[in-house]
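J.: Pasting the sequence and the predicted coordinates here, then a few questions.
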Amino acid sequence: MSGSRTLNVRRLSTGSVFKLFAVGTLCSFVPFSVLMGVLALFGLKTLTWNHEQLFGVKALLMGPVIGALISGIMTLILGGFVALGLWLYSKFRPMDLRVYEETVPSAET
């Protein structure tokens, strides 16, 4: 069972912002790139590396690599801008975040 509560946060750490961006982009770009690799396995022009179309097993293997690379680049660039923006925002006012906590039943002895 999980419960929710609202936290009043004055500032998020930069590491937390980057962690959120890394998890979010990895969980979205890598599966999408794997899908594009599977489609390229069947002959569709979905993956390009160094201005060269990838097909077959090479595309299937390069799909996750391309997804991880895109995820890393997006995390560095956008995570940096968001961390800067949140830092500037924290100078003026705090923000409210809703968190969902997992309640673990206590082991009674």
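T.: Looks like it arrived, so ask away. Given the structure is predicted, the values throughout are model-derived calculations rather than measurements.
J.: Please list the outside residues in contact with stretch 72-81.
T.: Contact partners of stretch 72-81, identified using C-beta atoms under 8 Å, 6 or more residues apart in numbering, comprise 17-18, 21-22, 25, 29. In this view, the C-beta of every residue, glycine as well, is placed from N, C-alpha and C.
J.: CSV please, covering these and showing neighbour count.
T.: Formatted as CSV, these follow (neighbours: other C-beta atoms under 10 Å):
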residue, neighbour count
17, 21
18, 17
21, 20
22, 16
25, 20
29, 21
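J.: Now render the residues you listed as JSON lines, adding pLDDT and distance to residue 95.
T.: JSON lines is the format used below for the contacts of stretch 72-81 (pLDDT from 0 to 100; distance: C-beta to C-beta, whole Å):
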{"residue": "17", "pLDDT": "92", "distance to residue 95": "13"}
{"residue": "18", "pLDDT": "95", "distance to residue 95": "18"}
{"residue": "21", "pLDDT": "93", "distance to residue 95": "17"}
{"residue": "22", "pLDDT": "95", "distance to residue 95": "21"}
{"residue": "25", "pLDDT": "95", "distance to residue 95": "22"}
{"residue": "29", "pLDDT": "96", "distance to residue 95": "27"}
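J.: Name the SS class of residue 93, please.
T.: Three-state assignment for residue 93 (DSSP: H, G, I helix; E, B strand; the rest coil): coil.
J.: residue boundaries of the helices in this structure?
T.: Along the chain, the stretches classed as helices by DSSP state H are 14-41, 56-90.
J.: Now distance to residue 4 too, for the ones you listed, in CSV please.
T.: Formatted as CSV, the helices of the chain follow (distance: least, C-beta to C-beta, whole Å):
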stretch, distance to residue 4
helix 14-41, 18
helix 56-90, 22
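J.: So which of those is nearest residue 99?
T.: Among the helices of the chain, helix 14-41 comes nearest to residue 99, with 12.3 Å by C-beta to C-beta.
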